[in-house]
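Engineer: predicted model, plus sequence, below.
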Amino acid sequence: METKKVDSKKRTVMLGLVFLLLLVFAYVENSSFFGSVGDVFSNAPLAVFFIFVHNVLVVSLILLGMTFYVGLVLNFMSKNETDYMVLHNPRIFAFAFTIMVIFISILRTSTLFYDKVSVEALFLVIVLSTPNAIIEGYGIFQTIERTLKRNMTTKALAGIYLLFLIAALIEVGYVYLLRAMV
């Protein structure tokens, strides 16, 4: 039993180190993504691929971070109720975290067009982003909730990635529709 606990602790520490390394990679990827996203939209299939890969990296980082958090709580925290609050209420935390990620994403999208958050254009960005935000938000929510409940399966993850492929198709479709209208 003690060996299993030590192995579990080592796994959590390694997961944390990998998570930190991938956070640095995500920063670099995010900077290059937002720096070249305009050029990518000149080719629709490339744009879908680009958006999909970016979203898969984001949701995979969320999955890794939540898995690290679960391991941290189970292996290194005391057994009092406060330490387990998030694990005992995964739906509430998943919902709050998802809303936060979607809100930040919408603000980030606004900066793509105006180089800053434009309050005047924010309503239009929110309205246009709503269908995508619902799909991506559901994928993020499922990722967090399933990870915190410790019942993520390969089939569920494939379904979540499929949601992000659909969202990428819709997002690229919107951009081309807007270009045609303007």
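Structural biologist: Thanks, I have it. Numbers count the residues shown, from 1 in each chain.

Engineer: what about the longest helix in the protein?
Structural biologist: helix 2-40 (DSSP state H).

Engineer: which of the residues in that helix are buried?
Structural biologist: Thr12, Leu15, Gly16, Phe19, Leu22, Ala26, Glu29, Phe33, Val37, Val40 (16 or more other CB atoms under 10 Å). Where C-beta positions appear, they are placed from N, C-alpha and C, glycine not excepted.

Engineer: quick one: the residue lying closest to Thr153 once chain neighbours are set aside and Leu61, what's the gap?
Structural biologist: Leaving aside its sequence neighbours, Thr153 sits nearest to Arg146 (CB to CB, 6 or more residues apart in numbering; 7.9 Å). Distance, Arg146 to Leu61, using CB to CB, to the nearest Å: 15 Å.

Engineer: Ser78: what secondary structure?
Structural biologist: Classification of Ser78 by DSSP: H, G, I helix; E, B strand; the rest coil places it in coil.

Engineer: so what's Ala133 up against?
Structural biologist: Taking CB atoms under 8 Å, 6 or more residues apart in numbering, we find Ala133 in contact with Ile102, Ser105, Ile106.

Engineer: which one of the residues you listed is nearest Glu171?
Structural biologist: Proximity of the contacts of Ala133 to Glu171, judged by CB to CB, is greatest for Ser105, which lies at 11.1 Å.

Engineer: can you map out the helices along this structure?
Structural biologist: 2-40, 44-76, 85-88, 90-114, 119-149, 154-181.

Engineer: enumerate every residue touching the residue lying closest to Thr12 once chain neighbours are set aside.
Structural biologist: Spatially, and ignoring its direct neighbours in sequence, Thr12 is nearest to Gly71 (3.5 Å; CB to CB, 6+ apart). Contacts of Gly71 were listed using CB under 8 Å, 6+ apart, and they are Ser8, Arg11, Thr12, Leu15.

Engineer: if we can go back for a sec, distance to Asn132 and pLDDT for the contacts of Ala133 - can I get that in a markdown table?
Structural biologist: Listed next are the contacts of Ala133 as a markdown table, based on distance: CB to CB, whole Å; pLDDT from 0 to 100:
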| residue | distance to Asn132 | pLDDT |
| --- | --- | --- |
| Ile102 | 9 | 89 |
| Ser105 | 9 | 81 |
| Ile106 | 10 | 76 |
